[in-house]
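Colleague: Have a look; sequence and predicted model below, questions after that.
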Amino acid sequence: MHIVIPVLLLLAIIFGPSWWVKRVLEKYSKPADRYSGTGAELARVLLDKHDMPHVKVEQTETGDHYDPIDKTVRLTPDKFNGHSLTAVTVAAHEVGHALQDHTGYTPLHLRTRLVKLAVPAQKLGAGIMFAAPVLILVTKALPVGLLMVLGGLLTLGFATVVHFVTLPMEWDASFKRALPVLKAGNYLHKGDLRHARKILLAAAMTYVAASLISLLNIGRWWAILRA
């Protein structure tokens, strides 16, 4: 019992934010016909209004995001074609990132550079972790193997670092960019603004939830090596 409670608390900390984000976005996806315009249409209106006609709006299957390299706001089908409060609010959040890029917001550019390093770093980390036990067995040099394990853990943790660095950027996109734009333009129906705040918070917390779950990857590798 003494072990079960800490384990349950740990799982709640790791998976709780992800569950909450998903619940909020699903809740305000209904009614599906809340707005006459779609998320994609609102994104286009906001981009043009803020002198960003060069920024494209596209549909994607890989999650809502703004691509600072291609200068593109990408929305999943339910946001791109959707008429719900979630659809238009998430679209505004992603336009918030485009506004960051347009104004030279430093954290966005920092994250862009870190993301480029994250994928190869994770692959390198996985390779190191696989090689470490073999190196220990062949050379009998435990310190060398432990150094490789440490390097692998640090490398695999790179994604977690990127996600945590992302939080201030997400908060800025939601509450210093998207929310003021939605308020100033009166784009939301009366009474929807307070609900939109929850959606914007959920959008900002998406990467926090992902970072917590990514910690499990490090724990999994550590458990394998100990075994």
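Modeller: Everything's here; your move. Numbering: from 1, shown residues only.
Colleague: just for the chain, where's the confidence low?
Modeller: Along the chain, the model assigns pLDDT under 70 to residues 1-15, 129, 132, 136, 140-142, 144-156, 209-227.
Colleague: ok, which stretches of it are helices?
Modeller: Assigned by DSSP state H, the helices in the chain fall at 4-27, 39-49, 77-80, 85-102, 106-139, 142-156, 158-172, 179-185, 193-226.
Colleague: Please name whichever of these is nearest to residue 66.
Modeller: helix 85-102 (3.6 Å; CB to CB). All C-beta spots, glycine's among them, are computed from the backbone N, C-alpha and C.
Colleague: ok, back up a step: okay, the helices of the chain in TSV with mean neighbour count next?
Modeller: Below are the helices of the chain laid out as TSV (neighbours: other CB atoms under 10 Å):
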stretch	mean neighbour count
helix 4-27	13
helix 39-49	21
helix 77-80	20
helix 85-102	26
helix 106-139	15
helix 142-156	16
helix 158-172	18
helix 179-185	15
helix 193-226	18
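Colleague: how about those helices in JSON lines, adding distance to residue 61?
Modeller: JSON lines is the format used below for these (distance: least, CB to CB, whole Å):
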{"stretch": "helix 4-27", "distance to residue 61": "16"}
{"stretch": "helix 39-49", "distance to residue 61": "15"}
{"stretch": "helix 77-80", "distance to residue 61": "8"}
{"stretch": "helix 85-102", "distance to residue 61": "15"}
{"stretch": "helix 106-139", "distance to residue 61": "18"}
{"stretch": "helix 142-156", "distance to residue 61": "26"}
{"stretch": "helix 158-172", "distance to residue 61": "21"}
{"stretch": "helix 179-185", "distance to residue 61": "26"}
{"stretch": "helix 193-226", "distance to residue 61": "16"}
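Colleague: buried residues in stretch 64-76?
Modeller: Using 16 or more other CB atoms under 10 Å as the test for burial, stretch 64-76 gives 64, 66, 67, 68, 72, 73, 74, 75, 76.
Colleague: Relative to residue 60, which of the helices of the chain is closest?
Modeller: Proximity to residue 60, assessed across the helices of the chain by CB to CB, is greatest for helix 77-80 (8.0 Å).
Colleague: Against which helices or strands is that closest one packed?
Modeller: Under the contact criterion of 3 or more CB pairs under 8 Å, 6 or more residues apart in numbering; DSSP states H and E, helix 77-80 touches helix 39-49, strand 56-59, helix 85-102.
Colleague: I'd like these written out as CSV, with distance to residue 165 added.
Modeller: Output for the helices and strands packed on helix 77-80, formatted as CSV (distance: least, CB to CB, whole Å):
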stretch, distance to residue 165
helix 39-49, 25
strand 56-59, 26
helix 85-102, 14
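Colleague: Could you list which of the buried residues of stretch 64-76 belong to strands?
Modeller: For those, membership in strands holds for 66, 67, 72, 73, 74, 75, with DSSP state E as the criterion.
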